[in-house]
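Peer 1: sequence unavailable; structure follows:
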């Protein structure tokens with residue numbers, strides 16, 4: 001578990017004591033605790049080989065960045081580079097450029113690493129080269145796109161580097177590019193399918209389009225999700241990115257120019273998805289891997305019906321209200337559920353209880369998504385109910401607690417490692433940067449129990465321990481154990 005540092009303030013001690021006491025009062029039959037490894041090992045490869053010596057910058061000035069980039073970093077409030085930034089940026093900016101794979105835990109600075117690298121490669125065109133961006137950032141959802149655009153605007157503003165999102169909302173038409181429009185920005189952020197369409201327009205000599213001759217950098221965020229190909233899904237992210245790579249390779253061969261640099265980043269890679277990524281970037285790539293470095297305490301609560309005829313969801317609803325009244329008001333919290341219908345249902349439940357709550361899922365209109373995300377980010381509401389639409393890329397440092405009302409659900413064709421990855425990304429919405437966080441997960445069925453075992457084996461057990469893996473780690477004195485860990489978290493924060 002985490003080691004306590006400086007003494008906590010009276011307010012922090014009061015908050016963590018309330019958290020521990022409230023969790024201990026929850027009426028459940030079994031409780032268990034799993035602690036993420038706090039600090040991970042640093043693994044670096046250069047041209048596909050393990051690096052004997054590793055350089056990690058501990059001050060921004062060591063990276064010899066342009067003064068305007070440093071001003072943007074100051075505006076963002078980043079005082080020192082995170083480990084992934086201090087190690088990855090020098091490797092990415094080496095000449096000649098090599099493709100790169102980066103891995104660090106959620107909330108540990110991956111967006112900053114590739115954005116600072118991008119700004120060191122891209123030069124502001126001020127609209128002089130329409131439809132010829134210098135960099136493309138590929139993202140899985142509009143929430144992630146918007147987050148990256150905000151970081152780019154903050155860091156790139158002093159340089160004059162501009163960016164735009166190329167995506168559309170079928171309900172509202174916002175962010176859509178109309179026929180005949182030019183893309184005048186230096187950086188384009190969008191989904192692989194939309195980018196492929198715009199590259200196709202260039203061949204047909206019609207606007208809007210993306211011409212390839214000016215590209216220096218292609219960044220894939222959430223690469224484990226984006227690179228893999230899904231059997232039976234004709235237009236999966238992986239299929240579309242392969243088309244992008246093929247179009248660029250043909251253009252470079254035809255014009256006899258060097259290919260642009262690919263940067264792949266994610267918090268998680270299974271063996272299978274890492275193999276996909278390594279094949280995608282080629283054998284001579286550089287990489288930085290910071291093995292698991294979450295600041296999380298994870299509590300499992302086994303939920304059983306409290307009365308005859310009560311369903312699991314009804315019992316969960318009671319526990320949500322009980323936990324919220326005692327715990328969630330202490331800070332901002334995300335409640336994860338598995339379906340849109342359940343998201344709406346839990347939101348209505350919380351509203352009926354008179355609580356401040358909002359929701360996020362993929363079927364909301366874009367304007368409503370943006371409005372709800374902004375309300376939560378500014379702290380105007382304490383609780384956000386969300387589906388897995390939010391599990392990746394959403395950065396709110398005020399979130400201290402994640403509740404998995406529903407555990408990630410197994411689906412046909414999904415491996416055990418995929419369930420574990422979903423869990424890691426969900427709980428990674430708390431404990432961002434150097435702050436500590438907690439998660440509570442409800443285990444309400446035999447399927448949940450099986451999912452829990454798979455998550456334990458994939459994420460928390462060494463190979464030698466897997467044979468004796470048990471779904472619950474017994475805690476003899478729940479109150480004392482939770483209180484001690486909550487106190488440590490309060491001191492760390």
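Peer 2: Cool, the structure landed. Since we're looking at a predicted model, the values are computed, not measured. Numbers count the residues shown, from 1 in each chain.
Peer 1: pull the residues that contact stretch 124-134.
Peer 2: 121-123, 159-162, 182-188, 202, 207-211, 213-217 (Cβ atoms under 8 Å, 6 or more residues apart in numbering). (C-beta placed from N, C-alpha, C; glycine too.)
Peer 1: again, only using 6 Å
Peer 2: Here stretch 124-134 makes contact (Cβ atoms under 6 Å, 6 or more residues apart in numbering) with 122, 160-161, 182-184, 186, 188, 209, 211, 214, 216.
Peer 1: out of these, who's the most crowded?
Peer 2: For the contacts of stretch 124-134, the largest neighbour count, defined by other Cβ atoms under 10 Å, is 28 neighbours, found at residue 186.
Peer 1: so who does that residue touch?
Peer 2: Contacts of residue 186 (Cβ under 6 Å, 6+ apart): 122, 125, 134, 161-162.
Peer 1: may I ask which two of the contacts of stretch 124-134 are separated the most?
Peer 2: Pairwise distances across those (Cβ to Cβ) peak at 23.4 Å, for the pair 160 and 209.
Peer 1: make a markdown table out of the contacts of stretch 124-134 and add pLDDT, secondary structure and distance to residue 307.
Peer 2: Shown next, in a markdown table, are the contacts of stretch 124-134 (pLDDT from 0 to 100; DSSP: H, G, I helix; E, B strand; the rest coil; distance: Cβ to Cβ, whole Å):
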| residue | pLDDT | secondary structure | distance to residue 307 |
| --- | --- | --- | --- |
| 122 | 94 | coil | 62 |
| 160 | 92 | coil | 64 |
| 161 | 94 | coil | 60 |
| 182 | 84 | coil | 64 |
| 183 | 88 | coil | 60 |
| 184 | 90 | coil | 63 |
| 186 | 95 | coil | 61 |
| 188 | 95 | strand | 56 |
| 209 | 85 | coil | 62 |
| 211 | 91 | coil | 66 |
| 214 | 93 | coil | 66 |
| 216 | 96 | coil | 63 |
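Peer 1: with respect to residue 320, which of the residues you listed is nearest?
Peer 2: Nearest to residue 320 out of those is residue 188 (Cβ to Cβ; 40.7 Å).
Peer 1: which residue sits closest to that closest one, ignoring its sequence neighbours?
Peer 2: residue 133 (4.6 Å; Cβ to Cβ, 6 or more residues apart in numbering).
Peer 1: quick revisit: what is the nearest of the contacts of residue 186 to residue 282?
Peer 2: Nearest member of the contacts of residue 186 to residue 282, counting by Cβ to Cβ, is residue 134, at 21.6 Å.
Peer 1: what's the burial count for the closest one?
Peer 2: 21.
Peer 1: quick one: residues contacting residue 195.
Peer 2: Applying Cβ under 6 Å, 6+ apart, no residues qualify as near residue 195.
Peer 1: where's it, which helix or strand?
Peer 2: helix 192-203 (DSSP states H and E).
Peer 1: buried ones in that helix?
Peer 2: Across helix 192-203, burial judged by 16 or more other Cβ atoms under 10 Å covers 192-199, 201-202.
Peer 1: what average pLDDT does whatever helix or strand comes next after it get?
Peer 2: Scanning forward in sequence from helix 192-203 by DSSP H and E, the next helix or strand is strand 217-220. Mean pLDDT, computed over strand 217-220, is 97.
Peer 1: and the helix or strand that strand 217-220 is followed by, how far from the chain's centre?
Peer 2: Next helix or strand after strand 217-220 toward the C-terminus (DSSP H and E): helix 223-227. Its chain's C-alpha centre and that of helix 223-227 lie 12 Å apart, by Cα atoms, centre = their mean, to the nearest Å.
Peer 1: helix 223-227: what's the following helix or strand?
Peer 2: As assigned by DSSP H and E, the chain's next helix or strand after helix 223-227 is helix 237-255.
Peer 1: what's that following helix packed up against?
Peer 2: helix 192-203 (3 or more Cβ pairs under 6 Å, 6 or more residues apart in numbering; DSSP states H and E).
Peer 1: got the angle for the helix it packs on vs helix 237-255?
Peer 2: Helix 192-203 and helix 237-255 are oriented at 30 degrees to each other (axes from the mean of the first three to the mean of the last three Cα atoms, to 10 degrees).
Peer 1: quick one: mean pLDDT over helix 192-203.
Peer 2: Mean pLDDT, computed over helix 192-203, is 86.
Peer 1: ok, stretch 317-330 next?
Peer 2: Mean pLDDT, stretch 317-330: 69.
Peer 1: list the contacts of residue 396.
Peer 2: Contacts of residue 396 (Cβ under 6 Å, 6+ apart): residue 377.
Peer 1: from what I can see, it looks like it's in a helix, true?
Peer 2: No: using DSSP: H, G, I helix; E, B strand; the rest coil, the secondary structure at residue 396 is coil, not a helix.
Peer 1: look up how far residue 148 lies from it.
Peer 2: For residue 396, the distance to residue 148 equals 15 Å [Cβ to Cβ, to the nearest Å].
Peer 1: got it, and residue 420?
Peer 2: When distance is defined by Cβ to Cβ, residue 420 is 25 Å away from residue 148.
Peer 1: again, but for residue 254
Peer 2: Distance, residue 254 to residue 148, using Cβ to Cβ: 31 Å.
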